[in-house]
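okay, here's the prediction I keep looking at, along with the sequence it came from:
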Amino acid sequence: MTNFEQLGIRPEWCEVLRHQGIAVPTPVQERSIPVLLGGRDIIAEAQTGTGKTLAFLLPIIQKINVSDRSPQALIIAPTRELALQITEEAKKLTANDDKIHVLAVYGGQDVEKQLRKLNNGTQIVVGTPGRLLDHLRRGTLKLDNVKKLVLDEADQMLHMGFLDDVETILRELPHKRQTMLFSATMPKGIRVLAKNYMKDPEDVKVSSKSVIPIHQIRQQVLECTDRGKFAALCGMIDTYRPYLAIIFCRTKRRASKLNEDLREAGYDSDELHGDLSQAKRENVMKKFRDAKLQVLVATDVAARGLDVEGITHVFNYDIPHDAESYIHRIGRTGRAGGTGLAVTFATQHDRPELARIEEGTNQKLNRIQWTSEGPVASTGAARRSIHSEGDEERGSRSAGTGSARRGSGRNDRRDGGRSGRGSRGGAGGRSGGRSGGRSGDERSAGRGSARSSDSSRGGASQGRSGSSRGTGQGGRGGASRGEERSSSGWAGRSADKRTAGRGGAGTGRPDSAGRGPGRGDRRDSRRGR
Ligand SMILES: Nc1ncnc2c1ncn2[C@@H]1O[C@H](COP(=O)(O)OP(=O)(O)OP(=O)(O)O)[C@@H](O)[C@H]1O
């Protein structure tokens, strides 16, 4: 098995990775890192959640000239959240190296503060196009020394809406530079366009049968009416009990309204979209990352790149308008070899979009309907409960459908399992307890009555094995699906840790009495975290 050192990464950086529990390169890392260390331009396309960020960060960091404090690498991302996330990841890598400085430059933040930091000398600048342009126009950002440029989510950056800004920024960059394009989707037209800005780029396409990691993300289409949507969503949350869920809406207003309705109905929800202040956006993301919030209602601002551990469910409350958007949205779950469930709500009016998505992703999606009994498969003459269907098709692998629906106490809305990534064998991670896994009882205190008293349902649990991870988030208990390994085998997790959690809460598999893990089980599993 290849390791990072064999790819050309220096031992000191490999050591940093090991401390984060990362030992085995993912396929996109394996193929991109040598190309990038060799100085070539690259267009890299690989499924969501497969480690593209490290694929470009490692070669950049390794090549920084530490005696020069001017910007040497520029990474452009489409959203503030993503720019911040990349910055955090770069800072985590360079935490022990006080000669490498990374700065996030994004809108909504105090310009003066950013300026001071820029003037103090920073070699890696990560930014959103608007704010970068702002600094360029003020003359406060000099890019003459930039040798490396990354367009993350490149297809979006080169699409209408961003293209003009990006082109203006590119004009400020030295001609002699290395250009790197990364995304999970790279439509042909964009590839052709991209080559105008690049020199003989190497095409790295990590081939797999599907553009979607189908072994990790289980997908369903929920056929419903506009009127029935909200009730079906509540029913799904109650039944599947996501650890963390993102619900995507088409517009900021719809996201805001849905969040309001969910909160009114007693759900632990908040919103993320462009109408909020930057402070609120950052606060919401922090709460969500810390699992202090179960449900995040968002626009497509959260669709690309966000890597939040523990997202077990994605609900497309409003259908995405195309296949690319679908791929990125549902890719917020099932990351780094973990598993998740993606449910797309579709009304009659959504049929054209649904057809586009199926065509673009080259698959026919499973249809279900919501009934008072819970979800049922809507294909075929005789409707079957999807619980049994899930078991037949996927055994215990399914996220969120392995349960018998026995009622849905709202005081028991979150399953104990954490995202199914399993452990990274994090040598340096904290293994202390995690606050996120509060029991349902705590969460619902004072929230009115539960809908039903029976809590013995198997929900959408994709537990993370009780391992530590170097993110400082602490080890997470819950069930692991240690038996499941990403087909490429890269997931970098130690087998012992992955299996350690097996048999705990949240495998989603009903017990012999047809019940899933009860609340008691889940509480027990949390205690160990
Ligand atoms: N070699 C590795 N072994 C284990 N985990 C890894 C490895 N490389 C990256 N990861 C982790 O995998 C997760 C997903 O990585 P990342 O966010 O870079 O995915 P991505 O391919 O950029 O996804 P997207 O297309 O959604 O932006 C991160 O939490 C990252 O720390």
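Everything's here; your move.

residue of the stretch 101-250 of the chain nearest the ligand, please.
Nearest to the ligand, among the residues of the stretch 101-250 of the chain, is residue 184, at 4.0 Å (CB to the nearest ligand atom). Quick note: C-beta positions are derived from backbone N, CA and C, even for glycine.

and the closest residue to that residue other than its chain neighbours, what is it in contact with?
Nearest-residue entry for residue 184: residue 48, 4.5 Å, with adjacent residues in sequence omitted and distances by CB to CB, 6 or more residues apart in numbering. Neighbour list for residue 48: 184, 212-213, 327-328, 330-332, 334-335 [criterion: CB atoms under 8 Å, 6 or more residues apart in numbering].

ok, and the most crowded of those?
For those, counting by other CB atoms under 10 Å, the largest number of neighbours falls to residue 334: 32 neighbours.

strands of the stretch 1-150 of the chain, start to end?
Applying DSSP state E, counting those that start in this stretch to the stretch 1-150 of the chain gives strands spanning 42-45, 73-76, 102-105, 124-127, 148-152.

of all those strands, which one is nearest residue 283?
Nearest of the strands of the stretch 1-150 of the chain to residue 283, taken as CB to CB: strand 102-105 at 16.3 Å.

could you check how many residues crowd around residue 176?
7.

what sits against it?
Contacts of residue 176 by CB under 8 Å, 6+ apart are residue 147.

per-residue confidence at it?
Residue 176 carries a pLDDT value of 96.

and the pLDDT for residue 416?
49.

correction: residue 116
81.

look at the closest residue to residue 366 other than its chain neighbours and say how many residues are nearby.
Computed as CB to CB, 6+ apart, the closest residue to residue 366 that is not its neighbour in sequence is residue 220, at 5.1 Å. Using other CB under 10 Å, residue 220 has 22 neighbouring residues.

write out the residues of the stretch 251-400 of the chain neighbouring the ligand.
Applying CB under 6 Å from any ligand atom, one finds that the stretch 251-400 of the chain approaches the ligand through 305, 307, 331, 335-336.

next, give me the two most distant ones among these.
Of all the pairs that these form, the one spanning the most space (CB to CB) is 305 and 336, at 13.5 Å.

check whether residue 322 really touches residue 357, as I assumed.
Yes: the criterion here is CB atoms under 8 Å, and residue 322 meets it with residue 357 at 7.2 Å.

for those two, indicate the residue with more neighbours.
Counted by other CB under 10 Å, residue 322 and residue 357 do not tie: residue 357 has more neighbours, with 27 against 14.

how near is the more buried one to the ligand?
17 Å (CB to the nearest ligand atom, to the nearest Å).

and residue 348, by the same measure?
31 Å.

which residues touch that residue?
residue 225.

how much space between residue 126 and residue 253?
Distance, residue 126 to residue 253, by CB to CB, to the nearest Å: 30 Å.

higher neighbour count, those two?
Taking neighbours as other CB under 10 Å, residue 126 and residue 253 compare with residue 126 leading, 29 against 12.

my read: the more buried one touches residue 101, true?
No: if you go by CB under 8 Å, residue 126 and residue 101 don't touch, sitting 11.5 Å apart.

endpoints of stretch 179-191, how far apart?
Start to finish, the residues bounding stretch 179-191 are 13 Å apart (CA to CA, to the nearest Å).

mind checking the pLDDT average for it?
pLDDT averaged over stretch 179-191 gives 94.

and this protein, which residues reach the ligand?
22, 24-26, 29, 48-54, 184, 305, 307, 331, 335-336, 424, 490-492.

in stretch 356-374, what counts as buried?
Buried residues in stretch 356-374, defined by neighbour count with 16 or more other CB atoms under 10 Å: 356-357, 360-361, 365-370, 374.

which outside residues touch that stretch?
Outside stretch 356-374, the residues touching it (CB under 8 Å, 6+ apart) are 210-212, 214, 219-224, 228, 231-232, 235-236, 239, 319-324, 326-327, 344, 354, 375-379, 383, 385-387, 405.

narrow those residues to those in helices?
231-232, 235-236, 239, 323-324, 326-327, 354, 386-387 (DSSP state H).

select from the residues you listed the one having the most neighbours.
That'd be residue 326 among the ones in helices among the contacts of stretch 356-374, by other CB under 10 Å, with 30 neighbours.

what residues are up against that one?
So residue 326 contacts 316, 320, 344, 357, 360-361 (CB under 8 Å, 6+ apart).

could you identify the most distant pair in the residues you listed?
Among those, 316 and 360 lie farthest apart (CB to CB), at 14.2 Å.

distance of residue 6 from residue 351?
The value you get for residue 6 to residue 351, if CB to CB is used, is 50 Å.

and residue 112, how many neighbours?
Neighbourhood size, residue 112 [other CB under 10 Å]: 9.

could you check how far it is from residue 228?
From residue 112 to residue 228 the distance is 50 Å (CB to CB).

right, and residue 172 touches residue 135 too?
No: contact criterion CB under 8 Å: residue 172 and residue 135 do not qualify, at 10.2 Å.

give me the more crowded residue out of these two.
residue 135 (19 against 15).

got the contact list for that one?
105, 111, 114-115, 118, 141.
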